[in-house]
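Student: Prediction below, plus the sequence it came from.
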Amino acid sequence: MDFVSPVLEVASLICNCVGDRADHLRRLPQNLIALRAAMEKLNNVYKDVKERVEREENLEKKRTHVVDGWIGRAEAMEKEVNELLDRCDEENQKKCFGTCCPRNCRASYKLAKMVREKMDAVAELQSEGSNFQEVAVPLPSPFAIERPLEEKPVVGLDSPFREFLQSSIKAFDIVIWVVVSRPTNLERVQETIRSRLQIPDDRWKGSEDDKATEICRILKTKKFVLLLDDIWEPLDLLRVGIPPLGDGNQSKIVFTTRSADVCGGMAAQKSIKVECLEDKEALSLFQAKVGEDTLNSHPDIPKLAEMVAKECKGLPLALIVIARAMASAQTPEEWESNLQKLRLYPKDVAGTENDLFSVLAFSYDSLPDEATKSCFLYCSLFPEDYQIPSEHLIQLWIGEGFLDEYDDIHEARNQGGKITQMLKHACLLEVGKLNRKYLKMHDVIRDMALWLACEKGKKKNKFVVKDGVRLISAQEVQKWKDAQRIAMWNKTSIEELREPPCFPNTETVIVCMMRFAFPSSLVINMSIIRVLDFSYNKTLKLLAPEIGNLATSQYLNLSGTMIKYLPIELKNLKKLRFLILDEMFSLASLPNQMVSSLSSLQLFSMKSLYSRLRVDEIMLLELEQLEHINDISIMLTSIQSIQRLFESRKLRRATTLLQLARCRGVNQVQLVSPSCIKELVLERCDELEEVKIIHFEKQVVPSKFPNPQCCFIHLLSVDINGCNKLLNLNWLIHAPKLQHLRISMCKNIEKVIEDERSEGSEIESGLSVFSRLIRLILFRLPKLEIIYEHPLPFPSLTRITVWDCPRLKKLPFDSSICMSKKLENIEGQQEWWDGLEWNDQTLMHNLTPYFQSL
């Protein structure tokens, strides 16, 4: 048979091939054991090398590039081997039932071959790591730094660092931006750098030198750029922890200052003076800030705009501020009048502070009335770079009488909000860095405001502001006798006064966040005082009885102090309109009938989740007796006090912030509508099961989709924490202006808003759910599954944070969520984000860039 021979040859070839592959498959089990053993040895070598590197780096050495590369390859190898082992385990589980044969021989052979190759690669990597003679080398010592100098800061353009960042940020491992300001605070500088480097708490202990050592240890391993903004005196970089810069690491330090002496004191090798803009550039900036609508409103205005721009002498800050002031002037007559006013000021504005202030004062003079001007100057009482809470600032304005034309405190507060917007629009105030509830005044604007408040420098001590002054002598205090307003902050302290000084012209004393005790006799002889703000002075434990003699006082803030008992003499303050006692954790009691004796009181605030003193029915009765009270912020802890509050129409309408904390025996809260509550906090009400709404006619309406007329039109913020029996917050659909919602540690909440109706039905009230919501925080809600049944546009949402909500698999977004351009980020755990379910894949792709893993 001739066909038998060829068949045998083919069979022989097949057997040889199959035999080779079968050998790989047969050895796979023992090779897997060998690979795991080899990987364990490599991990031990890796740990030894890492420990050697860390020891050397603590001795101010830098790891070699060879070692750094090996560490990276070892880490990558561990990941690859683990993935390969997982694949082998999966393939092993797919063997034919009852046999040892793989279902897919080809795939199993490829895995067996990869295992053999990885064994060799791991062994080679282990051998290389075991033979390192040197893992780190000393850092080079030459000190070569490029440090640009800016002698006139550019305000309104975000900082001269902007161009540097845009062009160079990708060239560095890390960019660190620190605003230094004055007085220089080394601790604050170190804390800012620590935050950027993400140094953990366990490595951030000990003295200033210890912290500097930790900063140095990390920075010397990186190619970094350190941006130090607004330096007023030489800063010792070694004390901060900045390592000497050598030619090898190519790191940079850049700082801005308005003083050439600072440039010399810091041994800057290169200084760059920021010149004023050329005429063409200045006009372009001016026109951009004025706006096309105004420029095109009359043919003569473009030429007049050019003339006004020239008066600014190319100074960017003056161009921006004055352009904003001119943006609403749409007739040639207005422009000609304002140009003439501008020319009355000094023309040479290229050099000195006074010339700068003279130009900037044009914007101040353009403010519409004296009340707005007073509000602006008042902001200079806060320290440089201070984040000013806008609500606190407006309360101070009202207490000072700047908004006395408004009898109702809510109207006055609304006007205060309009003034802050006006000042921001004029570039005289900025939005704070913390969030939109804070304001900030640029240091140059602040200096100008102080200059104006002191009558252009003629009365130096009319506004006295001290921040971080270690010790003020009694002799200097005597010089303040003509002061109108006095403000002291932070570490400022005053020498003990032998006798109480007399301040016949002082209307304001702000002594806040002091770390040292100040003499209480300081405020005894102030015959026309209006505002006393002693908030957050931890050293203030006793209030002098003589405070009752300050009969003209209208504002008293003792929040955050350690006072245990208030003097009975406070009853004498018959003109007092604001009494703020927040977070006074040591306060044990208030004098009997003290609150009801304050016949002019309009605002009373005593909110704190952890204070000893509770607002009870007796105190509520005292508040109810006050004729002018219309703004109450309080914490209640008992069912009796809650009932007393909601039974009183006067108290109900005056309460703007309500905290219900640790209310025993309260299983139902009945919110009364209409309500003036702006902020609501439910804190650890363990037995609370339901929230119901009561119309003013006492008709009880279930919390689930209440009557449309029962609308919480003023409610802006809701914070619910530790209410474990709550299942939902359906009543929130009738808070149409809600901006901030935080729900945390509520074990049984399954849905924020439950909607069992058909998908096409509308909410009965006709209101858009969460249309004003800006911030949403969901924290440790183990049973939460749904925020809302149907997709919502969330047109105002900027930020959402989700943490430890394992059952929340869907977000109620529709495709327009990214169209508003307000969304900034979605924060959460990576595992949670990866497990989300999406009905619309396009929405997932649109939202992914906004996600930030926590």
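Tutor: Ah, there it is.

Student: Quick check: next helix or strand after the helix or strand of the chain with the lowest mean pLDDT?
Tutor: Every helix and strand of the chain was ranked by mean pLDDT, DSSP states H and E. The lowest is strand 700-701, at a mean of 44. Where DSSP states H and E defines the elements, the next helix or strand beyond strand 700-701 is strand 717-721.

Student: Sheet partners, orientation included, of the next helix-or-strand element following that following strand?
Tutor: Per DSSP H and E, strand 717-721 leads on to strand 740-744 as the next helix or strand towards the C-terminus. For strand 740-744, sheet partners with direction are given as strand 717-721 (parallel), strand 775-779 (parallel), following DSSP bridges.

Student: To Glu624, which of those strands lies closest?
Tutor: Minimum separation from Glu624 across these (C-beta to C-beta) falls at strand 717-721, 25.2 Å. Just so you know, the C-beta spots here come from the backbone N, C-alpha and C atoms, and that holds for glycine as well.

Student: then the closest one to PDB, C-alphas only?
Tutor: Coordinates of each C-alpha in strand 717-721 appear next as PDB, following Å, rounded to 0.1, in the frame of the first residue of the first chain:
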ATOM      1  CA  SER A 717     -29.000  74.200  53.200                       C
ATOM      2  CA  VAL A 718     -29.900  70.800  54.800                       C
ATOM      3  CA  ASP A 719     -27.500  68.700  56.800                       C
ATOM      4  CA  ILE A 720     -28.700  65.300  58.100                       C
ATOM      5  CA  ASN A 721     -26.300  63.200  60.200                       C
END
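
Student: what residues does that strand touch?
Tutor: Contacts to strand 717-721, defined as C-beta atoms under 8 Å, 6 or more residues apart in numbering, come from residues 678-684, 726, 729, 732, 735, 738-746.

Student: And for stretch 27-39?
Tutor: For stretch 27-39, the external contacting residues (C-beta under 8 Å, 6+ apart) are 78, 81, 84-85, 88, 108, 111-112, 115-116, 118-119, 122-123, 126.

Student: If any of the residues you listed are buried, put those into a ChimeraX selection.
Tutor: In ChimeraX syntax, the buried subset of the contacts of stretch 27-39 is picked out as below (16 or more other C-beta atoms under 10 Å):
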select :78,81,84,85,88,108,111,112,115,118,119,122,126
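
Student: wait, which of the contacts of stretch 27-39 is closest to Phe585?
Tutor: The shortest separation between Phe585 and any of the contacts of stretch 27-39 is 50.7 Å, and it belongs to Glu78 (by C-beta to C-beta).

Student: any chance you could map the strands in the stretch 151-300 of the chain?
Tutor: Secondary structure of the stretch 151-300 of the chain, counting by DSSP state E, counting those that start in this stretch: strands at 174-179, 224-231, 252-257.

Student: same question, the stretch 551-700 of the chain
Tutor: Assignment of strands within the stretch 551-700 of the chain using DSSP E, counting those that start in this stretch yields the ranges 555-557, 578-580, 603-606, 631-636, 655-661, 668-673, 679-683, 690-695, 700-701.

Student: Tabulate those (a markdown table), appending distance to Ile388 and mean neighbour count.
Tutor: Formatted as a markdown table, the entries for the strands of the stretch 551-700 of the chain read as follows, by distance: least, C-beta to C-beta, whole Å; neighbours: other C-beta atoms under 10 Å:
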| stretch | distance to Ile388 | mean neighbour count |
| --- | --- | --- |
| strand 555-557 | 14 | 23 |
| strand 578-580 | 16 | 23 |
| strand 603-606 | 18 | 22 |
| strand 631-636 | 19 | 23 |
| strand 655-661 | 20 | 22 |
| strand 668-673 | 32 | 19 |
| strand 679-683 | 19 | 20 |
| strand 690-695 | 35 | 18 |
| strand 700-701 | 41 | 14 |
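
Student: between the ones you listed, which one is nearest to Tyr46?
Tutor: Closest approach to Tyr46 among those is made by strand 679-683 (48.4 Å; C-beta to C-beta).

Student: Mind listing the strands the closest one pairs with, and their directions?
Tutor: Each strand that pairs with strand 679-683, with its direction, by DSSP bridges: strand 655-661 (parallel), strand 717-721 (parallel).

Student: before we move on, back to that, nearest to Lys270, out of the strands of the stretch 551-700 of the chain?
Tutor: strand 555-557 (48.5 Å).

Student: returning to that earlier point: go through the strands paired with strand 679-683 and name the closest to Cys375.
Tutor: Cys375 lies closest to strand 655-661 among the strands paired with strand 679-683, at 21.6 Å (C-beta to C-beta).

Student: The contacts of strand 717-721, buried ones only, as a ChimeraX selection?
Tutor: Remark: buried members of these, expressed as a ChimeraX selection using 16+ other C-beta under 10 Å:
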select :678,679,680,681,682,683,726,729,732,735,738,739,740,741,742,743,744,745,746
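
Student: Outside of stretch 184-199 itself, list whatever touches it.
Tutor: Here stretch 184-199 makes contact (C-beta under 8 Å, 6+ apart) with 174, 176-180, 204, 208, 211-212, 214-215, 218-219, 226, 231-233, 235-236, 239-241, 468.

Student: Tell me how far Leu186 lies from Thr256.
Tutor: Counting by C-beta to C-beta, to the nearest Å, the gap between Leu186 and Thr256 amounts to 18 Å.

Student: quick one: which of the two has more around it?
Tutor: Just comparing Leu186 and Thr256: by other C-beta atoms under 10 Å the higher neighbour count belongs to Thr256, 25 against 16.

Student: I figured that one was touching Asp230, is that so?
Tutor: Yes. Counting by C-beta atoms under 8 Å, Asp230 is a contact partner of Thr256 at 6.2 Å.

Student: and the residue lying closest to Leu601 once chain neighbours are set aside, what does it touch?
Tutor: Leaving aside its chain neighbours, Leu601 sits nearest to Leu626 (5.3 Å; criterion: C-beta to C-beta, 6 or more residues apart in numbering). By C-beta under 8 Å, 6+ apart, Leu626 lies in contact with Val595, Ser596, Leu598, Ser599, Leu601, Phe604.

Student: ok, the closest residue in space to Tyr438 that isn't next to it in sequence - how many residues close by?
Tutor: Counting by C-beta to C-beta, 6+ apart, the nearest residue to Tyr438 once its immediate chain neighbours are dropped is Gly432, at 2.8 Å. By the criterion of other C-beta under 10 Å, Gly432 has 17 neighbours.

Student: distance of His392 from Ile568?
Tutor: 28 Å.

Student: Flag the shaky bits of the stretch 351-500 of the chain, pLDDT-wise.
Tutor: Scanning the stretch 351-500 of the chain with the threshold set as pLDDT under 70 gives 351-356, 359, 444.

Student: Show the buried residues in the contacts of stretch 184-199.
Tutor: Burial of the contacts of stretch 184-199 was assessed by neighbour count (16+ other C-beta under 10 Å); the buried members are 176-180, 211-212, 214-215, 218-219, 226, 231-232, 235, 240-241.

Student: so can I have JSON lines of the strands paired with strand 679-683 showing mean pLDDT?
Tutor: Converted to JSON lines, the strands paired with strand 679-683 look like this (pLDDT from 0 to 100):
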{"stretch": "strand 655-661", "mean pLDDT": "93"}
{"stretch": "strand 717-721", "mean pLDDT": "95"}
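
Student: mind checking the end-to-end distance for stretch 786-795?
Tutor: With C-alpha to C-alpha, to the nearest Å as the measure, the ends of stretch 786-795 fall 19 Å from one another.

Student: now what about that stretch, what contacts it?
Tutor: Contacts with stretch 786-795, where a contact means C-beta under 8 Å, 6+ apart, come from 750-755, 759, 768-771, 773, 776, 778, 808, 810-814, 816-817, 820, 822-823.

Student: For ChimeraX, what selects the buried ones among those?
Tutor: Selecting in ChimeraX just the buried members of the contacts of stretch 786-795, where the criterion is 16+ other C-beta under 10 Å, is done with this command:
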select :751,752,753,755,769,770,773,776,778,808,811,812,813,817,823
